[in-house]
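K.L.:
my questions concern the predicted model and sequence given below.
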Amino acid sequence: MNAVALRRTGRTLPIAAAVVLILLPWELSLANQSLYVQMGQYAIVAVGLSLLMGFAGQVSFGQGAFYLVGAYVAGVLATRYHWPTLATLALAPVATAAVAWVIGLPLLRLRGHYLAFATLAVHLIVLSLVFTWSGVTGGEIGLIGIPALKIGSSHPAGATYAAIVWAAVVAVALVSLALVGSRAGRALRAIAASERDAAATGIAVGAYKLRLFVLSAGYAGLAGGLFTYQLHYLSPDSFAVILSVQFVVMIAIGGMGSVYGAVFGAIAVTLLRHELSVLGTRPGMPLQAPKVLAIGVFGLILTVVVLFFPRGLLPALGDLTGRFRPQVAEIAPALPPMPVPGEAERAAELESLRGPTDAATREAGD
Amino acid sequence: MLRPPFRAPENSRIVVQMGSQPALSVDGVVKSFGAVHAVDEATFDVEVGSLTCLIGPNGAGKSTLLNCVAGFLRHDSGRILLGADDVSPWPSDRRARAGLATVFQTATPVGGLDVLGNAMVGCHAWTRHGFATGILRTPGQRREEKEIREAADEALELVGLGPLAHRSATTLPFGQLRLLAIARVLAQRPRVLLLDEPVAGLRAAEKARMREVFLDLKARGFTQILVEHDMQFVGAVADRVLVLDRGKLIADGPPSVIRHDARVIAAYLGTATV
């Protein structure tokens, strides 16, 4: 196939898919609509996390925290301060990105295990803030009486709301694909390949990683805002730590650095979670069953994928059939090395990329 | 035609005056690891347009020196000047943007990009569009992309990878990966090229190709510094050879002279210094 034809078919398919995804809600039952909205919200978060893991090599278990921040920013401003709902939805990603920038500055000095734990800690801290700051957030009881989203003079709900959410997914995917294909995208790919070589090419590695971290948090904040106007009720229960784990599982399934894969992973995991909760709430099941099932299955998936399909489940299937291979899935050659104990020195050595420091001693031995 | 820039790129107010000032000066650089002086008071200038080879037995401190110059290690004392700029406090990426290009032995190709895309990565050093304009595809960004593509094309032609521009970079054989790494730094429009053992592990035919490339770059006026083990290759390309032994610079001269230098022979044979 020549290049032009390839480009044309390469564009037709995603455009058709986008149209279908946005129009689909009108074909769905009410219950399925709300599941579909959830898929869309998660897909937005997953796309950002996929870029972050695939390009910057950062595993974040804190995307759930950013999702929470976006949700509460929108909810609190609309409910307590009576801001126009659309303005709060627009501010949610911006405020979340700002939060990510502040915590990203110190956090991104960490890597692998350390960053994963630190981002997990961020999630826990943010959760406890919600509990403590109950005057504003509603604490344990939750934030109630959130007004409906108002666009112009209409209040989109049901299928229309689902379509809006999926339009946001498409927008986020477009932004991400444009980024991936630009100079910044090449720089990020170079960072994923080798931070040292990237720095030697003039790429400010730390600054680029921070920007991507902020962008991915912004996506999560937007998704959080969309969550707020779906249920009109926010409670810390909706943002348990399992949520952050769930986002990582989506990437494990869809593959890192892949926009399409992330959307696929989000859909698959949301469906799986739904089926598990149906299973867990069947008569005769113990009370804790849904939670335990989710944690067990997600843990199993993560373990299997990391051990046997380090590039992710979907890319591995693509390799197997040799057919379905989203181009963007090629970005990441493998999962970022999860440093095992003893590799800490190596991680410290890589730290030297932030500037000339003495850490890179390994390179130095002739 | 691809030539080194006469004007120093960003961050630098200085216009490089060819010939009047060394391209790179290493001035009393010391780098120790604990009690070991890996680099001990190294001092030398590198002329604009010259090809200098840095040699020495294993453990002499060549790679340490290269890493200090490139900015991946911070030297303990002394100065490193690129043109007239003291780059000592600068991190490696800033040095790269100022025109110092480094090719490591294990240059990793960037996955998910073709050969041309890999060369385009090098253009990062002198271009400026970031996240926002990249996403919005502004006219300025498109112009810059076009310029980047042209510069990358040119760099690929120069090392002979032009016909492979649209192949996936990760599928290239070893020797061509090395050439691609050189194309990537050429796209950087460097003032000084630092290469760490560029012919290590290459076959005879690939070495011959590499030799042509380096001589061609020299003819175009690029300043090159090679850390190299292969003495035959050094003899074939170098204008000047610097010999490092236990962190100290022990000899400096054209290859024909160095080959017969008693201290160099002693250092390589491991006998006491004459």
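P.N.:
Looks like it came in fine.
K.L.:
for chain B, what's the nearest residue on the stretch 51-200 of chain A?
P.N.:
Proximity to chain B, evaluated over the stretch 51-200 of chain A using Cβ to the nearest Cβ, is greatest for A:Ser182 at 2.9 Å. C-beta coordinates here come from the backbone N, C-alpha and C atoms, glycine included.
K.L.:
pretty sure that residue is touching B:His129, no?
P.N.:
Yes - using Cβ atoms under 8 Å, A:Ser182 and B:His129 qualify as a contacting pair, with a distance of 7.1 Å.
K.L.:
what do the two both touch?
P.N.:
Taking Cβ atoms under 8 Å, 6 or more residues apart in numbering or on different chains as the contact rule, A:Ser182 and B:His129 both touch B:Gln141.
K.L.:
look up how far B:Pro109 lies from the residue of the stretch 51-200 of chain A closest to chain B.
P.N.:
With distances taken as Cβ to Cβ, to the nearest Å, A:Ser182 is found 19 Å from B:Pro109.
K.L.:
higher neighbour count, these two?
P.N.:
Using other Cβ atoms under 10 Å in any protein chain shown, the more surrounded residue of A:Ser182 and B:Pro109 is B:Pro109, with 26 against 23.
K.L.:
just confirm the more buried one contacts B:Leu172, I think it does.
P.N.:
Yes - the pair B:Pro109 and B:Leu172 qualifies as a contact (Cβ under 8 Å) at a distance of 6.8 Å.
K.L.:
shared neighbours of these two, anything?
P.N.:
Where contact means Cβ under 8 Å, 6+ apart, the residues bridging B:Pro109 and B:Leu172 through contact with each are B:Leu180.
K.L.:
who are the contact partners of the nearest residue to B:Glu47 once chain neighbours are set aside?
P.N.:
Spatial nearest neighbour of B:Glu47, chain neighbours left out: B:Pro22 (6.2 Å); criterion: Cβ to Cβ, 6 or more residues apart in numbering or on different chains. When the contact criterion is Cβ under 8 Å, 6+ apart, the partners of B:Pro22 are B:45-48, B:81.
K.L.:
recalculate using a threshold of 10 Å.
P.N.:
Contact analysis of B:Pro22 by Cβ atoms under 10 Å, 6 or more residues apart in numbering or on different chains lists B:44-48, B:50, B:81-84, B:192, B:223.
K.L.:
how near is it to B:Pro89?
P.N.:
When distance is defined by Cβ to Cβ, B:Pro22 is 20 Å away from B:Pro89.
K.L.:
for A:Ala46, same thing?
P.N.:
Separation of A:Ala46 from B:Pro89 (Cβ to Cβ) stands at 41 Å.
K.L.:
out of these two, which sits in the more crowded spot?
P.N.:
Legend: neighbour count by other Cβ under 10 Å for A:Ala46 and B:Pro89, higher for A:Ala46 (36 against 11).
K.L.:
beyond the helix or strand hosting that one, next helix or strand please.
P.N.:
When secondary structure is defined by DSSP states H and E, A:Ala46 falls within helix A:30-55. Beyond helix A:30-55 in the direction of the C-terminus, DSSP H and E gives the next helix or strand as helix A:63-79.
K.L.:
touching chain B at all, that next one?
P.N.:
No - counting by Cβ under 10 Å from any Cβ of the partner chain, chain B is not contacted by helix A:63-79; separation bottoms out at 17.6 Å.
K.L.:
hang on, B:Ile250 is in a strand, isn't it?
P.N.:
Yes - residue assignment for B:Ile250, taken from DSSP: H, G, I helix; E, B strand; the rest coil, places it within a strand.
K.L.:
I figured it hits B:Val241, correct?
P.N.:
No - contact between B:Ile250 and B:Val241 fails when scored by Cβ atoms under 10 Å: they sit 11.1 Å apart.
K.L.:
surely A:Gly40 meets A:Thr270?
P.N.:
Yes - using Cβ under 10 Å as the test, A:Gly40 is close enough to A:Thr270 to be in contact (9.2 Å).
K.L.:
quick one, which of these two is more surrounded?
P.N.:
Neighbours were counted for A:Gly40 and for A:Thr270 using other Cβ under 10 Å; A:Gly40 has more, 30 against 22.
K.L.:
so what's the more buried one up against?
P.N.:
A:21-22, A:25, A:161-170, A:172, A:223, A:226, A:230, A:263, A:266-267, A:270.
K.L.:
related to what we said a few turns ago, contacting residues around the spatially closest residue to the residue of the stretch 51-200 of chain A closest to chain B that is not a sequence neighbour?
P.N.:
The spatially closest residue to A:Ser182, leaving aside those adjacent along the chain, is B:Gly134, at 2.9 Å (Cβ to Cβ, 6+ apart). B:Gly134 sits next to A:175, A:178-187, B:141, B:144-145 when contact means Cβ under 10 Å, 6+ apart.
K.L.:
so which helix or strand takes in the closest residue to chain A within chain B?
P.N.:
Going by Cβ to the nearest Cβ, chain A is nearest to B:Gly134 of chain B, at 2.9 Å. Here B:Gly134 sits within helix B:131-136, counting by DSSP H and E.
K.L.:
in that helix, which residues are buried?
P.N.:
Of the residues in helix B:131-136, those scored as buried under the neighbour-count criterion (16 or more other Cβ atoms under 10 Å in any protein chain shown) are B:131, B:133-135.
K.L.:
and the strands in the stretch 101-250 of chain A?
P.N.:
Shown for the stretch 101-250 of chain A, no strands are assigned by DSSP state E, counting those that start in this stretch.
K.L.:
next to chain B, which bits of it? Give me the list.
P.N.:
Residues of the stretch 101-250 of chain A found near chain B, taking Cβ under 10 Å from any Cβ as the criterion, are A:174-194, A:196-208, A:211-212, A:214-215.
K.L.:
gap between A:Ala90 and A:Ala198?
P.N.:
A:Ala90 sits 33 Å away from A:Ala198, going by Cβ to Cβ.
K.L.:
contacts only, for the residue nearest the centre of chain B.
P.N.:
If you average the C-alpha coordinates of chain B and look for the closest C-alpha using Cα atoms, centre = their mean, you land on B:Leu194, 1.7 Å from that point. B:Leu194 makes contact with A:200, B:24, B:54, B:65-67, B:69-70, B:95, B:100-104, B:185, B:223-227 under the criterion Cβ under 10 Å, 6+ apart.
K.L.:
list only buried entries from the residues you listed.
P.N.:
Neighbour counting over the contacts of B:Leu194 (16+ other Cβ under 10 Å) leaves A:200, B:24, B:54, B:65-67, B:69-70, B:95, B:100-104, B:185, B:223-227 as the buried ones.
K.L.:
among those, which ones are in strands?
P.N.:
B:24, B:54, B:100-103, B:223-227 (DSSP state E).
K.L.:
save those as JSON lines, and put in pLDDT too.
P.N.:
As requested, these are exported to JSON lines (pLDDT from 0 to 100):
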{"residue": "B:Leu24", "pLDDT": "94"}
{"residue": "B:Leu54", "pLDDT": "94"}
{"residue": "B:Leu100", "pLDDT": "94"}
{"residue": "B:Ala101", "pLDDT": "92"}
{"residue": "B:Thr102", "pLDDT": "93"}
{"residue": "B:Val103", "pLDDT": "92"}
{"residue": "B:Thr223", "pLDDT": "94"}
{"residue": "B:Gln224", "pLDDT": "95"}
{"residue": "B:Ile225", "pLDDT": "95"}
{"residue": "B:Leu226", "pLDDT": "94"}
{"residue": "B:Val227", "pLDDT": "94"}
